[in-house]
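In: A structural model of the following input is requested.
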Amino acid sequence: MRRDVVITGLGAISALGVGKDDLWNGLVEGTSGLRRMQRVDASGLPCRVAGEAAPFAVRDFLPKSYRKATKVMARDTELAVVAAALAAKDAGLNTRADDAEPTIPPDRLGCQIGAGLIAAETDELTRALSASTDEQGVFSLERWGTDVGRDGRTGAGGMNHLPPLWMLKYLPNMLACHVTIVHGAEGPSNTITCAEASALLSLGESMRVIRRGDADACFSGGAESKVNYMGLLRMDLAGRVAHTDEEDDGTKIVRPFADESGGVIGEAGGVMILEEREHAARRGATAYARVSGFGAAQTSECALPTGVWEPDEREVERGLVDAIESALGDAGLGAEAIDAIVPLGLGVPACDRREAEALRQVFGKALAEIPLITLTPNVGNCSAGQGGLMALVGALAIHQQAIPARIHTGPAVDGLDCGPSAARGMKIENGLVCTPALGGQNAALVLSAP
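Out: The predicted structure follows:
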């Protein structure tokens, strides 16, 4: 008999605030967190707007005994740690972080968190890079990697200017590593780095871990920040950033499925507690939604809208179609059972066209009657953190029986319920959360009323 999996805890940090209530209320009220960047001097960048996370201090979400570890936490890790702490609290769990007996035995608590390729902080690299130039002032890999600096002194090479524990700060698995240590999650653990699909793939893995009986609950979701020079430049080269110069109104820039200017980068952590249904019921936990189906598929080529590769668009669409159909099959549902969809909806024309076509192939003409819940005009594209927020909002939509507002200024699109609209109540029995990704991965999750 297959074990049912429910969502009992929600933890979010994004441009709309800290906590699930800030996120949901911001969406319902039609608030956008996209604004002129403050953490990065964006004066030389083609887009100066981003979805920077609301202010927070990671120390406030850690036990005193662990606060020294913040020295080796990158921004991405901090977002994951905050979101995980919020999720545990929302689920009513005592963990190793609390001065109390753990609610769940450590070996029955797992952790699967999606992550990105963490960019090193600019100020940490500056001194190392300056020591790695040759006599003509050109960066030298030899100077960077050897023990002799430009002045000929031993120990003066570029890498010698990095902190001793530098690498421990930037490994993608550090997100799950710190969460498992803080909360004593000694069950199955994994890190998935598949761009925008990372969090949904992690949620699918958590669901399967619980279904097969290897854990009773898991931290699961994703976190990432690309609001840094390396992340912003990489995403621009990938064709995922709008060139807007002085435009500050994010809702005029990001217009999902409206074939407009392009995307805006964000940063976020979205982590949930997934738990076996009967285990949750025995301890009186609230179930926001049931994770009833999961599917994943790989597109044969990367879907970059830049001309670097020119994939067969039918192949790109097919990957997402396969993932959605697999999730529906896993849930034992037909496409007609889906009441709402949370898509990626980057606002990048080439990506949105492919995503929309995949949805049309699955849902046909009925797609026009299924409301799309779009997040990017509110928080931007948070990459590995995006799927966590999407799934979290999908669970809240089922729990609240409501669809939040859509705020972008783009026109309605034929065959898609995606134009600007106010929040409204709606009966939602089953929702679909789905996303393609920069690297060609595709993931889909079916959430159902608990």
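
In: state the mean pLDDT of stretch 280-299.
Out: Per-residue pLDDT values over stretch 280-299 give a mean of 96.

In: what's the spacing between it and its chain's center?
Out: Here the centre of mass of C-alpha atoms in stretch 280-299, compared against the chain's by C-alpha atoms, centre = their mean, to the nearest Å, lies 17 Å away.

In: buried ones in that stretch, by neighbour count?
Out: Residues of stretch 280-299 classed as buried: 280, 285, 287-297, 299 (neighbour count, 16 or more other C-beta atoms under 10 Å). Placement of C-beta: from N, CA and C, glycine included.

In: now stretch 212-231
Out: 215-229, 231.

In: count of neighbours near the residue nearest to residue 37 when sequence neighbours are not counted?
Out: Spatially, and ignoring its direct neighbours in sequence, residue 37 is nearest to residue 50 (4.8 Å; C-beta to C-beta, 6 or more residues apart in numbering). Around residue 50 there are 31 other residues, counting by other C-beta atoms under 10 Å.

In: for beta bridges, what are the partners of residue 50?
Out: With DSSP bridges as the criterion, residue 50 is bridged to residue 35.

In: let me know the closest of the buried residues of stretch 280-299 to residue 94.
Out: Of all the buried residues of stretch 280-299, the one with the least separation from residue 94 (C-beta to C-beta) is residue 285, at 12.5 Å.

In: that closest one reaches residue 92, doesn't it?
Out: Yes - taking contact to mean C-beta atoms under 8 Å, the distance of 5.9 Å between residue 285 and residue 92 places them in contact.

In: residue 29 reaches residue 405, doesn't it?
Out: Yes - under the criterion of C-beta under 8 Å, residue 29 lies in contact with residue 405, with a separation of 7.1 Å.

In: of the two, which one has the most company?
Out: Relative neighbour count places residue 405 above the other of residue 29 and residue 405, with 18 against 13, counting by other C-beta under 10 Å.

In: could you count how many residues lie near the closest residue to that one other than its chain neighbours?
Out: In space, residue 405 comes closest to residue 30 once its chain neighbours are excluded; the distance is 4.0 Å by C-beta to C-beta, 6+ apart. For residue 30, the tally of surrounding residues (other C-beta under 10 Å) stands at 17.

In: please enumerate the strands of this protein.
Out: In the chain, the segments counted as strands under DSSP state E are 5-14, 17-18, 35-36, 49-50, 109-114, 189-192, 217-225, 267-276, 289-298, 340-342, 402-403, 424-425, 430-436, 441-448.

In: tell me the most buried of those?
Out: Each of those was scored by mean neighbour count; the highest is strand 217-225, a mean of 34, by mean count of other C-beta atoms under 10 Å.

In: check contacts around residue 141.
Out: The neighbours of residue 141, taking C-beta atoms under 8 Å, 6 or more residues apart in numbering as the test, are residue 132.

In: ok, longest helix in the chain?
Out: Ranked by residue count under DSSP state H, the longest helix found in the chain is helix 313-331.

In: which residues do residue 285 and residue 92 both contact?
Out: Common neighbours of residue 285 and residue 92 are listed as residue 8 (criterion: C-beta under 8 Å, 6+ apart).

In: which two in the buried residues of stretch 212-231 are spaced the farthest apart?
Out: 216 and 229 (42.3 Å).

In: what's the burial count for residue 44?
Out: Burial of residue 44 is recorded as 7 neighbouring residues (other C-beta under 10 Å).

In: so what pLDDT did it get?
Out: What the model reports for residue 44 is a pLDDT of 90.

In: helices of this protein, residue ranges please.
Out: Read by DSSP H, the chain holds these helices, from start to end of the chain: 20-29, 75-91, 122-130, 141-145, 166-170, 174-183, 198-211, 229-237, 250-253, 277-282, 313-331, 349-363, 376-379, 386-400.

In: most tightly surrounded among those?
Out: Comparing those on average neighbours per residue, with mean count of other C-beta under 10 Å, the densest one is helix 376-379 at a mean of 30.

In: that one: how far from the chain's middle?
Out: The chain centroid and the centroid of helix 376-379 are separated by 13 Å, computed with C-alpha atoms, centre = their mean.

In: same question, stretch 382-390
Out: Shown here is stretch 382-390, whose average C-alpha point lies 2 Å from the average C-alpha point of the whole chain (C-alpha atoms, centre = their mean).

In: could you do stretch 130-144 as well?
Out: Stretch 130-144 sits 37 Å away from the centroid of its parent chain (C-alpha atoms, centre = their mean).

In: quick one: terminal-to-terminal distance for it?
Out: End-to-end distance for stretch 130-144: 9 Å, by C-alpha to C-alpha, to the nearest Å.

In: so who does the residue nearest to residue 37 touch?
Out: Neighbours of residue 50 in contact, by C-beta under 8 Å, 6+ apart: 34-35, 37, 40, 42, 227, 232, 264-267, 380.

In: ditto for residue 353
Out: Residue 353 is in contact with residue 259, counting by C-beta under 8 Å, 6+ apart.

In: can you give me the separation between it and residue 344?
Out: To residue 344, residue 353 is 12 Å away according to C-beta to C-beta, to the nearest Å.

In: next one: residue 367
Out: Taking C-beta to C-beta as the measure, residue 367 falls 15 Å from residue 344.

In: so which of these two has more stuff around it?
Out: When residue 367 is set against residue 344 and neighbours are counted by other C-beta under 10 Å, the residue ahead is residue 344, at 28 against 20.

In: so the more buried one makes contact with residue 196?
Out: Yes - taking C-beta under 8 Å as the contact criterion, residue 344 and residue 196 are neighbours in contact, 5.9 Å apart.

In: domain assignment for this protein?
Out: 5-118+171-448, 124-157 (automatic domain parsing).

In: how far is the longest one from where the chain is centred?
Out: Relative to its parent chain, domain 5-118+171-448 has a centroid offset of 4 Å by C-alpha atoms, centre = their mean.

In: end to end, how far does it reach?
Out: In domain 5-118+171-448, first residue to last residue: 11 Å (C-alpha to C-alpha).

In: identify the residues contacting residue 319.
Out: By C-beta under 8 Å, 6+ apart, the residues touching residue 319 are 297-300, 436, 440-442.

In: tell me the contacts of the residue positioned nearest the centre of the chain?
Out: Closest to where the C-alpha atoms of the chain average out (C-alpha atoms, centre = their mean) is residue 385, at 1.5 Å. Under the criterion of C-beta under 8 Å, 6+ apart, the contact partners of residue 385 comprise 14, 79, 114, 199, 221-225, 266-270.
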